[in-house]
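S.K.: Sequence and predicted model, in that order:
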Amino acid sequence: MDPVVHFEMPAEDRKRMAEFYKKTFGWEIQMFGPEMGNYVMAMTAKSDKKGPIEPGSINGGFFEKTPDSPMKHPSVVVQVTDIQASMQKVKDGGGTVLGEPMKIPGVGLYVVFVDTEGNKASMMQPE
């Protein structure tokens, strides 16, 4: 099985969002700059450099919600071993891959897809 390893949600005001999740759930928040698309990483579980250390736990992040974003809904990220093969499986299964994989420095290859029910999700092939 390819596991869900990350969640993503949109945010209109990343400072407001960060404060909410810090105060409400005690999450650790790391804000990146424009070179990383103003992405905000959310550590939701005890983690090491590879990610959460508790089985079944995942961390997540927030992307900037903009008027021109194609999808403005929460999604999950599925870890795959071969992103090209998994993209083909999405297409063969009736889904749609949105664009080509992008390299996230120090993380891996990432691509967004839409499933047969119109849900946005993503795939990540770790480095």
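M.R.: Sure thing, it's come through. Residues are numbered from 1 along each chain as shown.
S.K.: surely residue 43 meets residue 61?
M.R.: No. Assessed by CB atoms under 8 Å, residue 43 is found out of contact with residue 61, at 9.7 Å. Every C-beta, even on glycine, is put in place using the N, C-alpha and C of the backbone.
S.K.: Show me which of those two is the more surrounded one.
M.R.: When residue 43 and residue 61 are compared for neighbours, residue 61 comes out ahead with 19 against 16, by other CB atoms under 10 Å.
S.K.: three-state assignment of the more buried one?
M.R.: strand (DSSP: H, G, I helix; E, B strand; the rest coil).
S.K.: what ranges do the helices span in the chain?
M.R.: Here the chain has its helices, by DSSP state H, at 14-25, 83-92.
S.K.: Redo those helices as CSV? Include distance to residue 5 and mean pLDDT.
M.R.: As requested, those are exported to CSV (distance: least, CB to CB, whole Å; pLDDT from 0 to 100):
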stretch, distance to residue 5, mean pLDDT
helix 14-25, 19, 94
helix 83-92, 13, 97
